[in-house]
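*Asks:* with the sequence up front, the predicted model follows.
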Amino acid sequence: MKIDVRRFREEDLPAVHQLILRALREVNARDYPPSRIEEMAAGLGPDTLRERARQGHSYVACLGGRPVGCGTVAPYWGSVRESILLTVFVSPEAQGRGVGRAIVRALEGDGYFLRAQRVEVPASLTAWPFYQKMGYRFKGGAMQVDEGGCVRMEKFPPQGRGERE
């Protein structure tokens, strides 16, 4: 089945929120205690997802017309030279089918990524090997877990490919 990646729409919000909760509770739960999973889930409610879509560019990956993945690229603290990937999740049943790669490729084709000199991603303990395969490296050259339980990774895109926003 073909993976269709498109920009997020408001009507996607309930399905995207549910797929994030499922990914956290069924996949990320292998690497984090239940209390941390619930903290992460509480921090990724509908209002947060709506705000991230407003501040950046959010995408949804669909299989058969049904959302199975999501991700956002946004300016990093308002910078025009740095961007950040946020809220990249794939529903448990769609993992291992190329959905994550398709989402990251879409994010890397977005103007916020293309204009950046550096792009950071706060990768979960579950996801950092995936980002490493996608060309991201540990920030500062060594794997370190931050206070939020994330591994900070970064990529330095080639310059001059994208539009300025």
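*Replies:* Sure, I can see it.
*Asks:* and residue 151, how close does it get to residue 24?
*Replies:* Between residue 151 and residue 24 the computed distance is 16 Å (C-beta to C-beta, to the nearest Å). Glycine gets a C-beta too; all of them are placed from N, C-alpha and C.
*Asks:* ugh, typo on my part, it should be residue 4
*Replies:* For residue 4, the distance to residue 24 - C-beta to C-beta - is 24 Å.
*Asks:* so where is this structure shaky, pLDDT-wise?
*Replies:* 159-165 (pLDDT under 70).
*Asks:* swap the cut-off to 80 and go again
*Replies:* The model of the chain has pLDDT under 80 over residues 1, 159-165.
*Asks:* where exactly do the helices run in it?
*Replies:* With DSSP state H as the criterion, the chain has helices at 13-26, 34-43, 46-55, 99-108, 111-114, 128-133.
*Asks:* turn these into CSV, columns for distance to residue 142 and mean neighbour count.
*Replies:* Formatted as CSV, the helices of the chain follow (distance: least, C-beta to C-beta, whole Å; neighbours: other C-beta atoms under 10 Å):
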stretch, distance to residue 142, mean neighbour count
helix 13-26, 26, 18
helix 34-43, 22, 13
helix 46-55, 28, 15
helix 99-108, 23, 21
helix 111-114, 24, 20
helix 128-133, 12, 16
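*Asks:* among these, which comes closest to residue 78?
*Replies:* helix 46-55 (8.9 Å; C-beta to C-beta).
*Asks:* relative to helix 34-43, how tilted is that closest one?
*Replies:* Interaxial angle of helix 46-55 relative to helix 34-43 (axes from the mean of the first three to the mean of the last three C-alpha atoms, to 10 degrees): 60 degrees.
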